[in-house]
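Colleague: Sequence first, predicted coordinates after that:
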Amino acid sequence: MSRRLTIGFAWFVLLAGCGADSSIDLINSSDTPVSSSSTTPDNSDPTSIAWDDCLDGVECGFLDVPLDYDDPDSETISLYVARHLARDPERRIGSLLVNPGGPGFGGSILAFAATQIYSDAILDRFDVVGWDPRGTGESIPAIDCIDDYDLWFTEGDITPDTEAEKQAGIDLLRQYVDLCEKSNPGILDHAGTNNTARDMDSLRRALGEETISYFGFSYGSELGAVWVTLFPDTVRAAILDGAADPDADPIEASVQQLRGFEEAISRFLEQCSRNRSCKIHNDGDAESAFDDLMEFIDENPLPTRNGRPDLTRGMALTAVAQAMYDQKYWSTLESALAEAIDGDGSGLLQLWDAYYQRQPDGSYGNELEAFIAIGCADDDERFTIEEADSFVPRFQEAAPRFSPYTTGNYSCTFWPDAVDPRIDVTGIGAGPVIVIGTTGDASTPLESSRNMARALEDGRLLVVDAEQHTGYSASECAQDVVDRYLIDLVPPDDGTEC
């Protein structure tokens, strides 16, 4: 549950940390252009939510919202919503909207798992309200392009040796986009972050709140930043934990993120080289052991388990990325790499499976499909194959271990043009917004969170010393700062450290 890695391995993108968000450990200027959907709050009553009891202390239901906010009389879609009711009704402050990131993850899980994530002080005073953003989870319709990830996402070669091999990957991507367009009429054009922020305002009105609080993890920070920009008068409080740089273009954003992962794997390998008990210690040269393994797998994919695909280099790097989200996964990666050196790719395949949210029965959710659809709906760039390939040297320079591929990221190349690309983030008029950045975050490096705080009119950066993605769960100090702000509306000074 996190902001996923946006750079492409082979023909597709590498997602980032589907199961490794350390916050959600469940094994997650005035001339800013805006759409004709106004930033002025609309307090007319939207369709109400018929709540059902779904779990002890948790209610759930559906909220109907316009597919196209520029045409409110057009067809509607249904958002799945869950709320964990405040445990102390007499001290209840209001609702806290929450989002786990992605993009592509359903947020209802945060309401069902609220007691595992938020402090007692938050649980007592707020209804924790999570919803599955349009196109995701149990919301209707959910973006669904394919069923078998093994068939589609293990085929590509990250270092094709011939033009024919490269073209095979491009043809596969064209097929994927064609399937998505045919299977998801209507929703793809309106799946972007701007519309999800508008859905948040519809949800606020359905909940009967004049102003409302928000807590977003990872990509949820980007969503929150768009929301506070579009609807500043409705913001009671907002926390953005693990934020990307909102002003970076797609290539610079990829470079920033790749550097974060490169630095994380370097720290992991340095630790292994110093520690004789590390299973890939290699006489103090774990770096060479890792590099040699990746080179070997590039030419010799490793066997895994019966019925499952052999492990390619692209899959191995995805598995490594999964473990870079939190230091507590490093021992698992260490064992998996040692097994791979011995010729068994099963351990790395397990990390790959966790990354893509593969279920025990072999099924997958729709997180990947939604991730691509939302990302391409937000981005108005459509690089040609040649343009995408031209950026490869920048990626290789920024992250030699994480960017060995020789082809560009074609994820949005064949996607329909974006009709409502993500607005510029300013947060003007929203008041203080806390932005949390952790010192060892691979997916949203500290500097990117710092840039988010700078982009907001009153962004307050909270720096957490931790080797993980997102910081709320990493530190009692961070929790105390966040709780004081959410409950008493006392924001920290910009640059506060925990």
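Modeller: Great, that's in hand.

Colleague: any idea of the pLDDT on Ile146?
Modeller: Note for Ile146: predicted pLDDT of 88.

Colleague: same question but for Ser37, I mixed them up
Modeller: For Ser37, the model assigns a pLDDT of 37.

Colleague: quick one: which helix or strand includes Val65?
Modeller: For Val65, the host element (DSSP states H and E) is strand 58-66.

Colleague: could you give the angle of the helix or strand following that strand to strand 58-66?
Modeller: The first helix or strand that comes after strand 58-66 along the chain, using DSSP H and E, is strand 76-84. Strand 76-84 and strand 58-66 are oriented at 160 degrees to each other (axes from the mean of the first three to the mean of the last three Cα atoms, to 10 degrees).

Colleague: what packs against strand 76-84?
Modeller: Applying 3 or more Cβ pairs under 8 Å, 6 or more residues apart in numbering; DSSP states H and E, we find strand 76-84 packed against strand 58-66, helix 108-112, strand 126-131, helix 193-206. For glycine as for every other residue, the C-beta is placed from the backbone atoms N, C-alpha and C.

Colleague: Check which residues of the second one are buried.
Modeller: Of the residues in helix 108-112, those with enough neighbours to count as buried (16 or more other Cβ atoms under 10 Å) are 108-112.

Colleague: Following the chain onward from it, which element is next?
Modeller: Criterion used, DSSP H and E; the element after helix 108-112 is helix 114-117.

Colleague: what's the average pLDDT for that next one?
Modeller: 96.

Colleague: Also stretch 252-259?
Modeller: Rounded mean pLDDT across stretch 252-259 is 93.

Colleague: other SSEs contacting the strand holding Val65?
Modeller: Secondary-structure packing of strand 58-66 (3+ Cβ pairs under 8 Å, 6+ apart): strand 52-55, strand 76-84, helix 108-112, helix 193-206.

Colleague: So which elements touch the last one?
Modeller: Yep, that's helix 193-206 we're talking about. If contacts are counted by 3+ Cβ pairs under 8 Å, 6+ apart, helix 193-206 sits against strand 58-66, strand 76-84, strand 94-99, strand 126-131, helix 219-230, helix 367-378.

Colleague: Buried deepest among these, which one?
Modeller: helix 219-230 (a mean of 29; mean count of other Cβ atoms under 10 Å).

Colleague: Need the helices and strands packed on strand 76-84 in JSON lines (columns: distance to Thr406).
Modeller: As requested, those are arranged in JSON lines below (distance: least, Cβ to Cβ, whole Å):
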{"stretch": "strand 58-66", "distance to Thr406": "43"}
{"stretch": "helix 108-112", "distance to Thr406": "38"}
{"stretch": "strand 126-131", "distance to Thr406": "41"}
{"stretch": "helix 193-206", "distance to Thr406": "31"}
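
Colleague: right, so of those, which gets closest to Ala321?
Modeller: Nearest to Ala321, of all the helices and strands packed on strand 76-84, is helix 108-112, at 21.5 Å by Cβ to Cβ.

Colleague: contacts for the closest one?
Modeller: Contacts with helix 108-112, where a contact means Cβ atoms under 8 Å, 6 or more residues apart in numbering, come from 1, 24, 26, 54-55, 58, 60, 80-84, 98-100, 117, 128-132, 137-138.

Colleague: what about the stretch 151-300 of the chain, any weak spots by pLDDT?
Modeller: Within the stretch 151-300 of the chain, the ranges that satisfy pLDDT under 70 run 155-156.

Colleague: how about the helices in it?
Modeller: Secondary structure of the stretch 151-300 of the chain (DSSP state H, counting those that start in this stretch): helices at 163-183, 193-206, 219-230, 250-274, 286-299.

Colleague: Pick the most deeply packed of the ones you listed.
Modeller: It is helix 219-230: most buried of the helices of the stretch 151-300 of the chain by mean count of other Cβ under 10 Å, with a mean of 29.
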